[in-house]
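*Asks:* could you work out the structure for the sequence below:
(one chain, ligands or ions: 2)
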Amino acid sequence: MNRQEELVNGSEQNRSAKGEDKPTRRRQWQRLKKPLRWLVWLLVLATLGLVAWVTYQEIRHWERQPSPENFNLQPEILGPEMVVIPGGVFTMGSPDSEAGRSNDEGPQHSVKVVSFALGRYEVTFDEYDVFAKATGRKPPNDEGWGRGLRPVINVSWDDALAYAAWLSQKTGQHYRLPTEAEWEYVARAGTTASRYWGDEPKLACNYANVRDKYFDCDDGYADKTAPVGSFIANPFGLQDMLGNVWEWVADCWHDSYQGAPVDGSDWEDGKACESGGRVLRGGSWYSIPGLVRSAFRGRYNPAYRYYFNGFRLARTL
Ligand SMILES: [Ca+2]
Ligand SMILES: [Ca+2]
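*Replies:* Ligands and ions are numbered 1, 2, ... in the order given. Predicted coordinates:
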């Protein structure tokens, strides 16, 4: 056999070998086709299952969140962000054993509060300045600390009421100052210690803007206000209920809770309370530990403005 014949025969043998492979491969493919089909179906089903599970989890997640209406009640940009507070019963006032206690924090008594909404933060300069500009009022002095998201200061009880009335008129909702009982109910948020983080004053710098040197800690805002929401929220999700600025509430001052309402309403004596003043709660950036407690009660002339004093708004639901 010459070289050419060898090449010809070789090619024929190769073709013959290839020809014999084809049925083998077809059989192999036939054997694999079925499991592969099942594999594809399994992948499709697994993908569909994964998509369904993720969708279900998303729906559950959003169901757990407060709806936008509940989360932020403001109907327009004008109003402060509000938090819906669930109604409940709590013990108002402090026990005799509480460090820093004043006699006017007793007697402790049970108060029932119905659901209402309260500002997540103290009212800010940004919010109040819109009102001041719209009504031709002189913008309150910021003491050179800045406006924006800092809590409005140098506002009287009368100013706070005027702002609430203006916002109510603008929105058709009933904005007002919280009652003293509502304020303490929210500040406590189910807690019974002297502060919503416990009794330890040193921890204040994580939860409140206080007068650092008296608390033996550093909150980053020495002797001035902090932008609202700079500290850890209480269990109801509200911030700066203690510290930053004192907050005006609706009630007239009384020297004790003897005869106080137990339905969460404000204790109103009309003109009779002008001499005693209106109540302020929560302490401020300037306060010593005894004043920064859920039960502590301050008071001031409702017509006076001061750089410790601000407020947050409530809204009737
Ligand atoms: Ca401070
Ligand atoms: Ca405050």
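*Asks:* give me the number of residues near Gln169?
*Replies:* Counted with other C-beta atoms under 10 Å, residues neighbouring Gln169 total 10. (Glycine included, C-beta is placed from N, CA and C.)
*Asks:* and Glu122, by the same measure?
*Replies:* The burial count for Glu122: 28, using other C-beta under 10 Å.
*Asks:* and the closest residue to it other than its chain neighbours, its phi and psi?
*Replies:* On the basis of C-beta to C-beta, 6 or more residues apart in numbering, the spatially nearest residue to Glu122 that is not a chain neighbour turns out to be Pro151, at 3.8 Å. Backbone torsions of Pro151, given as degrees, to the nearest 10, read phi -70, psi 140.
*Asks:* got the contact list for Pro151?
*Replies:* Shown in contact with Pro151 (C-beta atoms under 8 Å, 6 or more residues apart in numbering): Tyr121, Glu122, Val123, Thr124, Phe125, Thr225, Val228, Asp240, Asn244, Val245, Gly310.
*Asks:* do Ala314 as well
*Replies:* Residues touching Ala314, when contacts are defined by C-beta under 8 Å, 6+ apart, comprise Phe116, Ala117, Leu118, Gly119, Tyr175, Arg176, Leu177, Pro178, Thr179, Glu182.
*Asks:* just the residues you listed now: which is nearest ligand 1?
*Replies:* Proximity of the contacts of Ala314 to ligand 1, judged by C-beta to the ion, is greatest for Gly119, which lies at 21.0 Å.
*Asks:* quick check: the closest one touching Glu127?
*Replies:* No: Gly119 is beyond contact range of Glu127, at 9.1 Å (criterion: C-beta atoms under 8 Å).
*Asks:* comparing those two, which residue is more hemmed in?
*Replies:* The residue with more neighbours, out of Gly119 and Glu127 and counting by other C-beta under 10 Å, is Gly119; that gives 28 against 24.
*Asks:* over to the closest residue to the more buried one other than its chain neighbours. Which of the three states is it?
*Replies:* The shortest distance from Gly119 to any residue other than its chain neighbours is 3.8 Å, reached at Arg312 (C-beta to C-beta, 6+ apart). Three-state assignment for Arg312 (DSSP: H, G, I helix; E, B strand; the rest coil): coil.
*Asks:* for Arg312, what are its contacts?
*Replies:* Each residue near Arg312 by C-beta under 8 Å, 6+ apart is listed here: Pro80, Leu118, Gly119, Tyr121, Glu122, Val123, Pro178, Glu247.
*Asks:* between which two of the residues you listed is the distance greatest?
*Replies:* Checked with C-beta to C-beta, those reach their widest spread between Tyr121 and Pro178, with 13.5 Å between them.
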